[in-house]
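Undergrad: I need the structure of the sequence given here:
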Amino acid sequence: MASRVVSVGAVSLALLPSLAQPSLAGGLDRGGYNIDQLFDASQFSVQSGVIYVMPQRKLKNVQDIDTSFGTGGGNLNGRSHSADETEDYAVPYFGLKAGYGDVDCLVDYSEPFGAHINPGINWAGANNNIETKITTRNYGATCSYKFDVGPGQLRLIGGTFYQEVEGFKTRLASTLPIAFGTGTGVGRLDLSDEAWGWRAGVAYEIPEYALRASLVYNSRVKYDNLTGTVDLTQITAPVAPLNGLPYGTVVPVSGSAEAPDSLELKVQSGIAPDWLAFGSVKWTNWSVLQTVPFCPTTGACPVGGLASLDLAYRDGWTVTGGVGHKFNDQWSGAVSLTWDRGTSDGYGSQTDTWMVGVGASYSPVENVEWRLAGALGVMTSGESGTIVKDGITYGDDVTYSFGNDLIAAISTSIKIKF
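TA: Residues are numbered from 1 along each chain as shown. A predicted model of the protein is given here:
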């Protein structure tokens, strides 16, 4: 009986490092999908938390390789050949779990995907990007039904989620308006949409050993009606005579894209009194995002779209392993190591990331748990240049390289159980 009490007390340790393990390398991954609160042993629980992430990606050896005025915006090689690409960001979470008999349900709010890249206008790659920001808001409902199988319980999991996306991108389309004093030469794309997704999975638990294995699939989210505008009001004469684009106007546009599906295996088990080992492997289908063109809602569409988000991602893999320890009835701790395979493959700056996470849990009373965690990692070096993928050319406007850069994160959360 003593071993059962020790092991059950260690179950929550597996959640600690994940609060501080952002997946920066994996496409547009932010908080991802996390339904661990569904397994909370209490009948009701409320949890709220936030992760604050501080990436420090610095681009260097930047070269403008498309110096034409028609497509490249002009020669920008007189500008800085380095830039700070990334911005700090916060990822909130809120969840409410309720159980009745063998049924548990979780409703939650999260922000699974996003990006904020902001190298600015004064670098040699401004014709590729000045600032790009994408935000998602996810509202989920997930339930499970558990029943006895062998020495433990098998849990069947299913749910749905409603997801909203919005974002913008700015880039320098031409330096001619600046020279003639007729505008900044900056074009801006704004977009938004909403769509539904679903999840399904299974889990097997043996509580007396703090053993749990879960396999959960999250579907793609099909944004078939991405709508927005391309603002070209800062690109005015004498640019317009150079081509047929509707410069000097705001143009309604539309497009389509998919947020990726994913499959994640998580395993944890008590390994000694007051000790727990845990690990996970996640595959994310980021290769569904290659180039996302946006065409005018009326009239002809230029080749490649009036504007586009060019990503050229490959699939992402995330592997985590760690151990947790219960010090006493109030304090527990955990440490983990995570490898995240970068989704860039010769274009972009999302290379492999290695992160070490540590976390602590404090329970001043039985039904309150406060968690604090942190992580420190390295985003590995690489370079971005011209590639051809599925017949489409990427990176023919700017090239750059980058070294091994640091990423840090802190997180905190509070859970009330009753």
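Undergrad: what helix or strand does Gly270 sit in?
TA: Per DSSP states H and E: Gly270 is located in strand 262-272.
Undergrad: ok, and for whichever helix or strand comes after that strand, which residues are buried?
TA: From strand 262-272 onward toward the C-terminus, using DSSP H and E, the following helix or strand is strand 275-284. Residues of strand 275-284 classed as buried by neighbour count (16 or more other CB atoms under 10 Å): 275-280, 282-284. Any C-beta I mention is one placed from the backbone N, CA and C, and that applies to glycine too.
Undergrad: what does strand 275-284 rub up against?
TA: 7, 10-11, 13-14, 26-27, 29, 32, 210, 260-271, 315-326, 334, 336 (CB atoms under 8 Å, 6 or more residues apart in numbering).
Undergrad: and these, which are buried?
TA: Among the contacts of strand 275-284, those classed as buried by 16+ other CB under 10 Å are 7, 10-11, 13-14, 26-27, 29, 32, 210, 260-262, 264, 266-271, 315-318, 320, 322-324, 326, 334, 336.
Undergrad: partners of the most centrally placed residue in the chain in the sheet?
TA: The residue lying closest to the centre of the chain (CA atoms, centre = their mean) is Asp29, at 1.5 Å. Listed by DSSP bridges, the beta-bridge partners for Asp29 are Phe113.
Undergrad: From what I see, Asn218 and Tyr33 are in contact.
TA: Yes: counting by CB atoms under 8 Å, Asn218 does reach Tyr33; the two are 4.9 Å apart.
Undergrad: Between those two, which has more neighbouring residues?
TA: Neighbours were counted for Asn218 and for Tyr33 using other CB atoms under 10 Å; Asn218 has more, 26 against 22.
Undergrad: Which pLDDT does the model give the more buried one?
TA: At Asn218, the model reports a pLDDT of 98.
Undergrad: before we move on, what about Trp275?
TA: Looking at Trp275, the pLDDT reads 90.
Undergrad: That one bridge partners, please.
TA: In this structure, Trp275 bridges to Ala272, His325 when assessed by DSSP bridges.
Undergrad: That one and Val319, how far apart?
TA: Distance, Trp275 to Val319, by CB to CB, to the nearest Å: 21 Å.
Undergrad: list residues touching both of Asn218 and Tyr33?
TA: 199, 262, 264.
Undergrad: Surely the second one touches Asn218?
TA: Going back to what we said before, that points to Ser262. Yes: with contact defined as CB under 8 Å, Ser262 counts as touching Asn218 (4.9 Å).
Undergrad: Quickly list what's touching both of those two.
TA: Contact criterion CB under 8 Å, 6+ apart; residues shared by Ser262 and Asn218: Tyr33.
Undergrad: Now Ser417: closest residue in space that isn't a chain neighbour?
TA: Just to correct that, residue 417 is Lys rather than Ser. Ser42 (3.8 Å; CB to CB, 6 or more residues apart in numbering).
Undergrad: Then Val149?
TA: Excluding its sequence neighbours, the residue lying closest to Val149 (CB to CB, 6+ apart) is Tyr204, at 7.2 Å.
Undergrad: Okay, now the sheet partners of the host helix or strand of that neighbour, with direction.
TA: Here Tyr204, judged by DSSP H and E, is contained in strand 186-206. Here strand 186-206 has these sheet partners by DSSP bridges: strand 152-172 (antiparallel), strand 211-218 (antiparallel), strand 221-231 (antiparallel).
Undergrad: Just the buried positions in it, please.
TA: The neighbour-count check on strand 186-206 (16+ other CB under 10 Å) flags 186-191, 193, 195, 197-199, 201, 203-206 as buried.
Undergrad: Alpha carbons of it, as PDB, please.
TA: Output of strand 186-206 as PDB, limited to C-alpha atoms (Å, rounded to 0.1, in the frame of the first residue of the first chain):
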ATOM      1  CA  VAL A 186       5.900  48.500 -47.900                       C
ATOM      2  CA  GLY A 187       3.100  46.000 -48.700                       C
ATOM      3  CA  ARG A 188       1.000  44.300 -46.000                       C
ATOM      4  CA  LEU A 189      -1.000  41.100 -46.000                       C
ATOM      5  CA  ASP A 190      -3.700  40.500 -43.400                       C
ATOM      6  CA  LEU A 191      -5.600  37.200 -43.000                       C
ATOM      7  CA  SER A 192      -8.100  35.400 -40.800                       C
ATOM      8  CA  ASP A 193     -10.300  32.300 -40.700                       C
ATOM      9  CA  GLU A 194     -11.800  29.700 -38.300                       C
ATOM     10  CA  ALA A 195     -12.400  26.000 -38.600                       C
ATOM     11  CA  TRP A 196     -13.000  22.800 -36.700                       C
ATOM     12  CA  GLY A 197     -10.800  19.800 -35.800                       C
ATOM     13  CA  TRP A 198     -11.100  16.600 -33.800                       C
ATOM     14  CA  ARG A 199      -9.000  14.200 -31.800                       C
ATOM     15  CA  ALA A 200      -9.100  10.500 -30.900                       C
ATOM     16  CA  GLY A 201      -6.800   8.300 -28.800                       C
ATOM     17  CA  VAL A 202      -6.400   5.500 -26.200                       C
ATOM     18  CA  ALA A 203      -4.600   5.300 -22.900                       C
ATOM     19  CA  TYR A 204      -3.700   2.500 -20.500                       C
ATOM     20  CA  GLU A 205      -3.200   3.100 -16.800                       C
ATOM     21  CA  ILE A 206      -2.000   1.000 -13.800                       C
END
